[in-house]
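Engineer: The following comprises the amino acid sequence and a computationally predicted model.
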Amino acid sequence: MKRNSHSPRFLDLGEQPKDELNEEPSPKPTDKSYTWSSASTYAFQVRAFVTQTYLRKISDDCLEMGACLPAEFEYDHGRRAVFLNSGNLAFAIQGRLYHYRADVQECSQSLCSNASITELVTTLKREIKENNPLRRKHLQLVASQGDFRGVMKPVPSGTFSKLVLDPLTAEDIFDNTILQMESLSSGNGIILHGRPGTGKSLTCQAIVHEAIQRGLSTCYVMGEADFSGLDRFLQEFLDPCIVIFEDIDAFACSRFEQGSSVFADFLQMLSGLTERREQRVVIATTNHLDALDEAIRNRPVRFNRKYWFQDPTNDQIDHLLELYFGAALIPPLLKRICHDQGFTGAHISEVKRTTEMLAHKRHLTLPEVFADAVHVVQGHFSPQTKQVGFGVR
């Protein structure tokens, strides 16, 4: 048993009423017990971590009772704290005794006392909704065995000022994401499309960076998720927020081709995006806009803007080289080697890596090996990639 000071009496007031699935009813003034039920393990862990952290903070005395199963919860990037995945806590607040129970197998937690807990439950609900550690962070949700788990990622360093985009396009993307969240009460959806390496992911990173700097919450969804469960999770812990789905074509292609219920759940999640009680901006990226179902590709309200990320112009290639190498390192004559090659930002990133590798290997400066690095990248990513192996002449 673990405790803070002296032991309070352990309370067991029997079964507590459980929440409804979509709404948590407020306790009546005479309520002496309350139970929170969660639809997923991760939702349970978020709720349990917040509840236990708050109860330990305000209690005069706290004691772990019986067999307890501790676990670690990542509440920020690289930072974890221990909480009870399953177990019982007895604690005292201003002379009143309370019993708290967590059960990860049932994904539920309960609170009871011999006095009314109305005020405490109301406060805990507010803490769970408004002050949970996922807010104002860069959260990544990873689909896993029908559920999902959360990973706290570092805030991206990319900003709108570093994007190599047409200024009017960059401004419109900002307006339909950040400004939408700050100035309007409704939600919105946008699609970023274009071939790989043209800056869609960098633009998403810039949006996340700007959102967190302004105190907004963000969520990056990896893989094909349980969209019904995801929708509820966002409502409970993150809304209002910005949600990003990369490579949406993995699950949002034509219904007639894939016949999957997953897509129907995704459409249901998007339904009423502009009429939600709390705001949500959805950002989707794809390399294959034409492959998306018509209900996604050409349907206002769900996605109100589509931005085509084209290959950069030669002027934009020069700008990318300056971002990766510095403003004056690569002279204009060498920059022209990258012109009219069909290069994207991803290609320039690889040119930078290859240049550094060759410079280190040959003990030369970056400009001295730059041309060779460009030719190496050209050879591997040109329309006719160089063949290697036996029988090649």
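Structural biologist: Received it, and whenever you're ready, just let me know what you need. Numbering: from 1, shown residues only.
Engineer: now for the helix or strand that contains residue 281, which elements pack on it?
Structural biologist: In this structure, residue 281 sits in strand 280-286 according to DSSP states H and E. Contacts defined by 3 or more Cβ pairs under 8 Å, 6 or more residues apart in numbering; DSSP states H and E place strand 280-286 against strand 188-193, helix 200-213, strand 241-245. All C-beta spots, glycine's among them, are computed from the backbone N, C-alpha and C.
Engineer: now it against helix 200-213, angle please.
Structural biologist: Here the directions of strand 280-286 and helix 200-213 differ by 160 degrees (axes from the mean of the first three to the mean of the last three Cα atoms, to 10 degrees).
Engineer: can you list the residues that contact strand 280-286?
Structural biologist: Outside of strand 280-286, the residues within contact range by Cβ atoms under 8 Å, 6 or more residues apart in numbering are 176-177, 180-181, 187-193, 200-201, 204, 207, 234, 239-249, 252, 270, 273, 292, 296, 303.
Engineer: Buried among those? Need that as a selection in ChimeraX.
Structural biologist: Selection of buried members from these for ChimeraX, criterion 16 or more other Cβ atoms under 10 Å:
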select :176,177,180,181,187,188,189,190,191,192,193,200,201,204,207,234,239,240,241,242,243,244,245,246,247,248,249,252,270,273,292,296,303
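Engineer: would you list the helices and strands packed on strand 280-286 in JSON lines and tack on distance to residue 57?
Structural biologist: Output for these, formatted as JSON lines (distance: least, Cβ to Cβ, whole Å):
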{"stretch": "strand 188-193", "distance to residue 57": "37"}
{"stretch": "helix 200-213", "distance to residue 57": "25"}
{"stretch": "strand 241-245", "distance to residue 57": "26"}
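Engineer: Could you dump those into a markdown table with mean pLDDT and distance to residue 283 added?
Structural biologist: Below are the helices and strands packed on strand 280-286 laid out as a markdown table (pLDDT from 0 to 100; distance: least, Cβ to Cβ, whole Å):
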| stretch | mean pLDDT | distance to residue 283 |
| --- | --- | --- |
| strand 188-193 | 95 | 6 |
| helix 200-213 | 96 | 6 |
| strand 241-245 | 96 | 5 |
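Engineer: what's the closest of those to residue 32?
Structural biologist: Go through the helices and strands packed on strand 280-286 one by one with Cβ to Cβ and the one that ends up closest to residue 32 is strand 241-245, at 34.6 Å.
Engineer: quick one, the closest one and strand 188-193 angle?
Structural biologist: Inter-element angle recorded for strand 241-245 and strand 188-193: 30 degrees (by the same axes, to 10 degrees).
Engineer: Work out the gap between stretch 162-182 and the centre of the chain.
Structural biologist: For stretch 162-182, the distance between its averaged C-alpha position and the chain's averaged C-alpha position is 19 Å (Cα atoms, centre = their mean, to the nearest Å).
Engineer: Let me see the mean pLDDT of it.
Structural biologist: For stretch 162-182, the per-residue pLDDT values average out at 95.
Engineer: Tell me how many other residues surround residue 348.
Structural biologist: Applying other Cβ atoms under 10 Å, we find 23 residues neighbouring residue 348.
Engineer: That one belongs to a helix, doesn't it?
Structural biologist: Yes. Judged by DSSP: H, G, I helix; E, B strand; the rest coil, residue 348 forms part of a helix.
Engineer: who touches it in this structure?
Structural biologist: Under the criterion of Cβ under 8 Å, 6+ apart, the contact list for residue 348 reads 317, 320, 321, 324, 338.
Engineer: In ChimeraX, select just the buried ones from those residues.
Structural biologist: Only the buried members of the contacts of residue 348 end up in this ChimeraX selection, burial being decided by 16+ other Cβ under 10 Å:
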select :317,320,321,324,338
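Engineer: Contact partners for the nearest residue to residue 197 once chain neighbours are set aside?
Structural biologist: Counting by Cβ to Cβ, 6 or more residues apart in numbering, the nearest residue to residue 197 once its immediate chain neighbours are dropped is residue 346, at 2.9 Å. For residue 346, the contact set (Cβ under 8 Å, 6+ apart) comprises 196, 197, 198.
Engineer: And the residues you listed, which of them are buried?
Structural biologist: When the contacts of residue 346 are checked against 16+ other Cβ under 10 Å, the ones flagged as buried are 197, 198.
Engineer: Quick one: list the elements packing against the helix or strand hosting residue 91.
Structural biologist: Assigned by DSSP H and E, residue 91 belongs to strand 79-93. Using 3+ Cβ pairs under 8 Å, 6+ apart as the contact criterion, the neighbours of strand 79-93 among helices and strands are helix 41-58, strand 61-76, strand 96-103.
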